[in-house]
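J.: need coordinates for the below:
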Amino acid sequence: MNARLAQIKRKLCTDRLDGIVLFSSANVSYAAGYPCRDTYLLITSGKSLFLTDTRYSEELKDRTNGFLVKTYSGSLVELAAKECLRLGLKRVGFEGRHISYSAYALMRKRLGRKVTLVPKTHLIEELRSIKAEDEIALIKRAVDIAKKAMYFAQGLIVPGRREIEVAAELERFVRFHGAWAAAFPVIVASGKNSAFPHHITSMKRIEKNEPVLIDMGVDYQGYKSDLTRVFNSGKISNAVKKTYEIVLRAQKSAISKIKPGTSAKVIDATARQYIARCGFGGFFGHSVGHGVGLEVHEDPRISKKSNELIRQGMVFTVEPGIYLYGKYGIRIEDMVLVTAKGVEVL
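T.: Presented below is the predicted three-dimensional model:
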């Protein structure tokens, strides 16, 4: 049995569950140690069963160990209910955040009164928030490819080139350097577009002497990276330079607070309060960071509302920003690894 499955089974025992059905692809992949698609996973104290269809059944048998594979041509929810009944399970956890109401209703109907369904939130996500050494190695490789792409991007930022063309070149670059794909649609935001934190990369042409914000990451063997840099298509104005320096100092201040035992909200407040003291508090709305791993956005959440304590092995972004709508936006995003004594910028 792999260490992750052992952890999950201990959780089942603690929560007095006979089993749990995982619906989230990221959570199934975590438990399996293999990137799973369109597959559910039923874990009990004794058995672990993939619930899938013929597109993936032979692949799962070939690429994983310690799992039974159940193939079904109909609804996987119905198959999950069928297996719960066959195994005689009485209390079964399920991921309420990752199943539609109609799917839940169908499962509830098929189980009847013989099985009690228990919604479980963040059971697997909590385990995923602490990265093992093999996960850290994959994330570091994902970061390395993204960094190389950012260096490559410097030569792409020229007046007249379209945002979408820059994004296309970057997506091609990361694949040629070993990534499966970009982790999410590459954001290239030039000029006024950079004031929209998650701008949809457009056909706009880059103009001379304007900032160009690029937010991108890669998917390397299932693990993600997420970085943001701001380039310029010519001369940098004093206003843009001043804003950039404020954001950079805010980020460095936040990173200096990171160590095991620190509250996530303290990290957020450090960057947020510095930006506010510089007169731009009303122009920074989003949280300072988020976990990255099998998903681009996962636990921990580095926000003003989070009471979570930072622990060794967590990997997350630190990305303060200032967005002056109608003018420009600046965001600097790096990923960090929490170590025993502090932090490592990846």
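J.: which stretches of the stretch 201-346 of the chain form strands?
T.: Counting by DSSP state E, counting those that start in this stretch, the stretch 201-346 of the chain has strands at residues 211-216, 218-220, 223-224, 227-232, 289-291, 298-302, 315-318, 321-324, 328-331, 334-338, 343-345.
J.: would you list the strands that the first one pairs with, along with their directions?
T.: This means strand 211-216. Sheet pairing for strand 211-216, assigned by DSSP bridges, gives strand 187-190 (antiparallel), strand 227-232 (antiparallel).
J.: so of those, which one's packed in deepest?
T.: strand 187-190 (a mean of 27; mean count of other CB atoms under 10 Å). (C-beta placed from N, C-alpha, C; glycine too.)
J.: now the strands paired with strand 211-216 as CSV including mean pLDDT and distance to Thr39?
T.: Output for these, formatted as CSV (pLDDT from 0 to 100; distance: least, CB to CB, whole Å):
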stretch, mean pLDDT, distance to Thr39
strand 187-190, 98, 30
strand 227-232, 97, 30
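J.: switch these over to a markdown table; also include distance to Cys36.
T.: Conversion of those to a markdown table gives the following (distance: least, CB to CB, whole Å):
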| stretch | distance to Cys36 |
| --- | --- |
| strand 187-190 | 28 |
| strand 227-232 | 27 |
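J.: how about those, which one is nearest Gly88?
T.: strand 227-232 (49.2 Å; CB to CB).
J.: any residues touching the closest one, and which ones?
T.: For strand 227-232, contacts defined as CB atoms under 8 Å, 6 or more residues apart in numbering pick out 143, 146-147, 150, 153-154, 157, 194, 209-217, 240, 244, 319, 330-335.
J.: just the buried residues from those, in PyMOL please.
T.: Buried members of the contacts of strand 227-232, defined by 16 or more other CB atoms under 10 Å, are picked up in PyMOL with:
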select buried, resi 143+146+147+150+153+157+194+210+211+212+213+214+215+216+217+240+244+319+330+331+332+333+334+335
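J.: what separates the residue nearest the centre of the chain from Ala105, distance-wise?
T.: By CA atoms, centre = their mean, the chain has its centre lying nearest to Val296, at 2.0 Å. Distance of Val296 to Ala105, computed by CB to CB, to the nearest Å: 30 Å.
J.: what is the helix or strand harbouring Lys11 packed up against?
T.: Assessed by DSSP states H and E, Lys11 sits inside helix 3-14. Applying 3 or more CB pairs under 8 Å, 6 or more residues apart in numbering; DSSP states H and E, one finds that helix 3-14 contacts strand 19-22, helix 25-32, strand 40-44, helix 123-128.
J.: winner for burial among those?
T.: strand 19-22 (a mean of 27).
J.: what does it contact?
T.: Contacts of strand 19-22 (CB under 8 Å, 6+ apart): 8, 12, 28, 31, 40-45, 80, 84, 87, 89, 92-95, 98, 120, 123-124.
J.: that strand - what's its average pLDDT?
T.: Averaged over strand 19-22, pLDDT sits at 95.
J.: name every strand pairing with that strand and say which way it goes.
T.: Short version: by DSSP bridges, strand 19-22 pairs with strand 40-44 (antiparallel), strand 91-94 (parallel).
J.: of all these, which lies closest to Ala181?
T.: Across the strands paired with strand 19-22, closest to Ala181 is strand 40-44 (CB to CB), at 23.6 Å.
J.: please identify which of the helices and strands packed on helix 3-14 is closest to Arg162.
T.: helix 25-32 (32.9 Å).
J.: residue ranges with poor pLDDT in the stretch 151-300 of the chain?
T.: Low-confidence segments of the stretch 151-300 of the chain (pLDDT under 70): none present.
J.: okay, stretch 9-29 in CSV with CA atoms only?
T.: Provided in CSV are the C-alpha atoms of stretch 9-29 (Å, rounded to 0.1, in the frame of the first residue of the first chain):
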residue,chain,number,x,y,z
LYS,A,9,-7.3,5.0,5.4
ARG,A,10,-6.2,6.3,8.8
LYS,A,11,-8.5,9.3,8.2
LEU,A,12,-11.4,6.9,7.4
CYS,A,13,-10.8,5.1,10.7
THR,A,14,-10.7,8.4,12.7
ASP,A,15,-13.9,9.6,11.0
ARG,A,16,-15.6,6.2,11.5
LEU,A,17,-16.2,5.7,7.8
ASP,A,18,-16.3,2.3,6.0
GLY,A,19,-15.1,4.0,2.9
ILE,A,20,-15.0,7.2,0.8
VAL,A,21,-15.7,7.9,-2.9
LEU,A,22,-13.4,10.4,-4.5
PHE,A,23,-14.8,12.3,-7.5
SER,A,24,-12.1,15.1,-7.9
SER,A,25,-9.6,14.2,-10.6
ALA,A,26,-6.8,15.8,-8.5
ASN,A,27,-7.8,13.9,-5.4
VAL,A,28,-8.0,10.6,-7.3
SER,A,29,-4.6,11.3,-8.9
